[in-house]
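*Asks:* attaching a predicted model along with its sequence, questions to come.
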Amino acid sequence: MRAVYVYPKSKFLSFTLAGREYIELIRAAGWIVEEVDEEEWNGDVSVWPTFMHPFFYPSYKLKRGPVVAVDVADSSALSREAVALLNRFAPFASVPSRYAEMVFKHSGYAGRVFVWHHYLGEKWWFGKPNCGRTFRESGDLHILYFLVHSGWRKGADVLAKSLRILRDRGVKFVLVLKRLDIEDPLKSPLVKEFKTVEISERLDEDCLIKLYDDVASGPGVLALPSRGGGFERNGLEALSRGLPVVAPLGGSWTEYFPPELSPLLVRAVAMEPVFTLNKYHVGVGPSADPAEMAEKLLIAPRYVEAVARVKPMLMARFSKEAVYAQVSRSLVELARYAAR
């Protein structure tokens, strides 16, 4: 069977990386997939299925359907406009988490929702990285944090408050800040106030794995204070390398927090808008208690053995083989739809 996959092929976005992975899995099922760059796409949907990834932002090009909407729910609700677009053009949608599935349905989407998790390949679970760089500076607590964009959504302000609490208590720590070479006003207090290892360039897979390994090699933790997000893959990446993760209670990331790791989830002091100006993602997300997050960042290294114990279970759910099974089952339904 043949499919068309429209995505930001020529860019370097989370949509791009996830799109490449899904295309690989669709082809592994024996389908022929034509890749179309989102910017060059003219809105043609003459081939079924045509996957749109993301769906919402290029949806203005659509004149008719049907398509398969591949997208996320970055907050607790989709707007009426977003749901109207989905119900008009997309009888099927694919999302990366059960949380996103719930948001799509509760917001009024009437179509069929597939959950295609993001997956980690075998190297993440077992491999040794081939990277000559070193990302650990000392034996102090290292706190890894990813701020690629959207500092408010990523909870940069919450983390800054938590780090001030640790600093005022005399805790010695190093903030390992992974970001792209962009300016975000919420980045400034993080860089200026604390001892920071700042990584602004793109890392290949081996050096990204090495980053997690170096932080995990001494007292280390991944801070994931996000208010929203469709999956937040860096949390799963950290756990696959044995690095504990501290995150708010609520949101898509809790899907890879089994009961053994639930003590590292932080209660929310408020549910706040994830975005201020977004036509599609209009809901709220958890804003973590900075004081509780500070305490759990400090004790997280004690959970290294717990992370090791749950790793086989996580691998069973988020391996390439597991997500291939999700995708292949969905393709059967899409093929049946074509035969109607």
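*Replies:* Looks like it came in fine. Numbering: from 1, shown residues only.
*Asks:* below-threshold pLDDT in the chain: ranges please.
*Replies:* By pLDDT under 70, the low-scoring segments of the chain are 181-187.
*Asks:* so where do the helices sit in the stretch 101-250 of the chain?
*Replies:* Secondary structure of the stretch 101-250 of the chain (DSSP state H, counting those that start in this stretch): helices located at 122-126, 156-168, 188-193, 205-216, 233-240.
*Asks:* for the first one, name the packing helices and strands.
*Replies:* Other helices and strands packing on helix 122-126, by 3 or more C-beta pairs under 8 Å, 6 or more residues apart in numbering; DSSP states H and E, are helix 205-216, helix 233-240. In short, each C-beta sits where N, CA and C put it, glycine included.
*Asks:* any idea which of those helices is most buried?
*Replies:* helix 233-240 (a mean of 23; mean count of other C-beta atoms under 10 Å).
*Asks:* relative to the whole chain's centre, how far out is that helix?
*Replies:* Chain-centre distance of helix 233-240: 9 Å, with C-alpha atoms, centre = their mean, to the nearest Å.
*Asks:* contact partners of that helix?
*Replies:* Defining contact as C-beta atoms under 8 Å, 6 or more residues apart in numbering, one finds that helix 233-240 is touched by 14, 118, 120, 124-125, 144, 146, 208, 212, 216, 222, 224, 244-245, 247, 253, 256, 261, 307, 310-311, 314-315, 318.
*Asks:* same check on stretch 92-100?
*Replies:* For stretch 92-100, contacts defined as C-beta under 8 Å, 6+ apart pick out 18, 22, 49, 51, 55, 66, 68-73, 86, 101, 104, 109, 111-118, 230-231, 251-252, 254-255, 330, 333-334, 337.
*Asks:* give me that answer again for 7 Å
*Replies:* Under the criterion C-beta atoms under 7 Å, 6 or more residues apart in numbering, residues 68-73, 86, 101, 104, 109, 111-118, 230-231, 251-252, 255, 330, 334 lie in contact with stretch 92-100.
*Asks:* would you map the strands across this protein?
*Replies:* 2-7, 32-37, 50-52, 68-70, 92-95, 112-115, 141-147, 173-179, 196-199, 220-223, 245-248, 265-266, 268-273, 284-288 (DSSP state E).
*Asks:* what lines up beside the last one in the sheet?
*Replies:* Spelled out, that is strand 284-288. According to DSSP bridges, strand 284-288 forms sheet pairs with strand 268-273 (antiparallel).
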